[in-house]
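Q: coordinates only, sequence not included:
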Ligand SMILES: Nc1ncnc2c1ncn2[C@@H]1O[C@H](COP(=O)(O)OP(=O)(O)O)[C@@H](O)[C@H]1O
Ligand SMILES: [Mg+2]
């Protein structure tokens, strides 16, 4: 059995009520690779992920997994191949961490043999990988945002699906846990060949961790390809309306986006200084300059004649 599953969107249009959110989108998720989806708030990233995991039926077009339309596949069959960590998942009240992560095994359970050793192993491995084993007996309600997020990632891992979709998996995590989670997903990709598709807000982490970057703007595909091709000042401007500079990340060698903004821009300050200097030069009057001594000489003169400031 090959792990490589073909996941594509074909003229996909999605929306809610009257409103169209994704409009005629064609896209290919490279099998066995890591894909990051980036785009401005409310551009339809979560909507797209929900539709890819069959939670939202297309208005027209389709999402195909290995050539089959996902919204016509039985839920359990799809769940054995493709898992989704939604953006704001809701845990049943009072559920413990181990019970919640155990729910990731449901798609694999047969009617009679309900819980197998493989299920135990999968849960233990997922807890260990996300450093949540020590939380196993705690109630999910009482965890911090970051702990809870890691538990949800454990649930996604416990499903052991060949394709894993994650909607902002690093939200609520401090920077070191963000790196941990992205490293963990990379290891999963390298060791098991899991196809990973994640929505990330941090463009620089997206460029570093993804093999393939998808930039959405206003419900359409703006650009897709390797980060080196997609993360350009033009894309950042078109997708986020932000002026930026792209440099090379000294750690990974990947593109690194440095936003401009109205303050802190050395190049702009430099230009402004040059501009002021030019204005000064234009105002300069050589005759008066001869008459007015330079500062130290002028102070000496003031002391000598015993008067106040000459001006
Ligand atoms: N369940 C829903 N009902 C109606 N509108 C929705 C629903 N979910 C999302 N939307 C709207 O669809 C648009 C895209 O939302 P979403 O896919 O969540 O964006 P993103 O994840 O890119 O921030 C937004 O304008 C949002 O308000
Ligand atoms: Mg979202």
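A: Sure, I can see it. Treat the numbers as computed from the prediction; the structure is a model and nothing was measured. Ligands and ions are numbered 1, 2, ... in the order given.
Q: Tell me how far the nearest residue to residue 56 once chain neighbours are set aside lies from ligand 2.
A: The shortest distance from residue 56 to any non-neighbouring residue, by C-beta to C-beta, 6 or more residues apart in numbering, is to residue 50 (4.3 Å). For glycine as for every other residue, the C-beta is placed from the backbone atoms N, C-alpha and C. As judged by C-beta to the ion, to the nearest Å, residue 50 and ligand 2 stand 9 Å apart.
Q: Equivalent analysis for residue 220, please.
A: On the measure of C-beta to the ion, residue 220 and ligand 2 end up 17 Å apart.
Q: List phi and psi for that residue.
A: phi -130, psi 160 (degrees, to the nearest 10).
Q: So it sits against residue 23, correct?
A: Yes: counting by C-beta atoms under 8 Å, residue 220 does reach residue 23; the two are 5.9 Å apart.
Q: Looking at these two, which is more packed in?
A: Counted by other C-beta atoms under 10 Å, residue 220 and residue 23 do not tie: residue 23 has more neighbours, with 18 against 14.
Q: contact partners of the host helix or strand of the residue nearest to residue 56?
A: Assessed by DSSP states H and E, residue 50 sits inside helix 45-52. Residues from elsewhere that reach helix 45-52 (C-beta atoms under 8 Å, 6 or more residues apart in numbering): 7, 9, 12, 14, 16, 21-22, 25, 37-39, 56-58, 63, 70-71, 82, 84, 86-87, 165, 167, 197, 199, 216.
Q: can you pull the contacts of the residue nearest the centre of the chain?
A: In the chain, the centroid-proximal residue (C-alpha atoms, centre = their mean) is residue 200; its distance is 1.2 Å. Each residue near residue 200 by C-beta under 8 Å, 6+ apart is listed here: 36, 37, 38, 168, 169, 170, 206, 209, 210.
Q: Looking at these, state which has the most neighbours.
A: Most surrounded of the contacts of residue 200: other C-beta under 10 Å gives residue 38, at 29 neighbours.
Q: Wait, a strand at it?
A: Yes: under DSSP: H, G, I helix; E, B strand; the rest coil, residue 38 falls within a strand.
Q: okay, it: pLDDT?
A: Per-residue pLDDT puts residue 38 at 98.
Q: Please list which of the contacts of helix 45-52 also come close to ligand 2.
A: Among the contacts of helix 45-52, the residues within reach of ligand 2 (C-beta under 5 Å from the ion) are residue 87.
Q: If anything else comes up later, I'll come back, but that's it for now.
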